[in-house]
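*Asks:* Structure here, sequence nowhere to be found:
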Ligand SMILES: NC(=O)c1ccc[n+]([C@@H]2O[C@H](COP(=O)([O-])OP(=O)(O)OC[C@H]3O[C@@H](n4cnc5c(N)ncnc54)[C@H](OP(=O)(O)O)[C@@H]3O)[C@@H](O)[C@H]2O)c1
């Protein structure tokens with residue numbers, strides 16, 4: 001609750017659209033979630049959610065929560081598409097949001113030759129193909145760039161559609177446990 005008040009102060013806002021728990025921490029998540037539920041009830045967060053939750057984390061949370069998380073923000077990109085977790089979240093009505101959708105800072109994802117081939121076919125960049133793939137899969141994405149031209153280009157994904165066979169080709173790039181970031185299955189932050 002104190003952290004939320006501090007964030008509102010720093011942002012100089014009366015409310016925020018979405019407030020998330022960053023990481024599941026054994027023994028602390030339920031108490032934190034109760035705090036988020038209180039914040040939600042006051043209207044100062046229009047939606048509340050979590051990050052880096054796996055199915056086992058949800059089983060415990062959902063047994064005790066009064067309000068279901070709106071969002072699960074997870075590492076998700078063509079090399080780690082997390083199909084089982086995405087399907088679970090869909091079943092529970094929880095939206096998935098991809099962090100490091102481009103493979104993060106210094107990641108090698110943008111050099112993937114298969115993605116380069118698909119990008120060439122559509123006359124788009126690899127980044128645009130990845131973001132379009134997420135859009136067509138119903139996954140929210142939060143790509144980061146400090147360059148204005150890139151931010152504008154990254155948003156230019158509404159004038160083409162990936163065909164089913166290309167969607168499948170990208171799906172098949174999944175390397176299951178290949179992560180660029182930390183693994184919530186093993187790191188108790
Ligand atoms: N919840 C969590 O645990 C968690 C964990 C990690 C990240 N996140 C969040 O996820 C968001 C994005 O993640 P991220 O920054 O790790 O990774 P990302 O968005 O996958 O990748 C960012 C990198 O891609 C580069 N990039 C962006 N657009 C590009 C383009 N058009 N062409 C070439 N390179 C491009 C950026 O460089 P430039 O900036 O130089 O353009 C930067 O190096 C951030 O908001 C972050 O806070 C959340």
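*Replies:* Alright, I've got the coordinates. A quick note: this is a predicted structure, and the numbers were derived from the prediction, not measured.
*Asks:* Show me which residues of the worst-scoring helix or strand of the chain on mean pLDDT are buried.
*Replies:* Here the helix or strand of the chain ranked lowest by mean pLDDT, DSSP states H and E is helix 55-64, holding a mean of 93. By 16 or more other CB atoms under 10 Å, the buried positions in helix 55-64 come out as 57-58, 61. C-beta coordinates here come from the backbone N, C-alpha and C atoms, glycine included.
*Asks:* what separates that helix from the chain centre, distance-wise?
*Replies:* 18 Å (CA atoms, centre = their mean, to the nearest Å).
*Asks:* How about it and the ligand, touching?
*Replies:* No. Using CB under 6 Å from any ligand atom, helix 55-64 stays clear of the ligand, with a minimum separation of 13.3 Å.
*Asks:* in stretch 127-140, what counts as buried?
*Replies:* 127-134, 137, 139.
*Asks:* give me the subset of those residues touching the ligand.
*Replies:* residue 127.
*Asks:* Ends of stretch 58-73, what's the gap?
*Replies:* Taking CA to CA, to the nearest Å, stretch 58-73 runs 13 Å from one end to the other.
*Asks:* Can you tell me what sits against it?
*Replies:* For stretch 58-73, the surrounding residues in contact (CB atoms under 8 Å, 6 or more residues apart in numbering) are 18, 20, 29-30, 33, 36-37, 40, 47-53, 85, 88-89, 92-99, 140, 142.
*Asks:* coming back round to it: is it possible to get the buried residues of stretch 127-140 out as a markdown table so that each row also shows pLDDT and secondary structure?
*Replies:* As requested, the buried residues of stretch 127-140 are exported to a markdown table (pLDDT from 0 to 100; DSSP: H, G, I helix; E, B strand; the rest coil):
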| residue | pLDDT | secondary structure |
| --- | --- | --- |
| 127 | 98 | helix |
| 128 | 98 | helix |
| 129 | 98 | helix |
| 130 | 98 | helix |
| 131 | 98 | helix |
| 132 | 98 | helix |
| 133 | 98 | helix |
| 134 | 98 | helix |
| 137 | 97 | coil |
| 139 | 98 | coil |
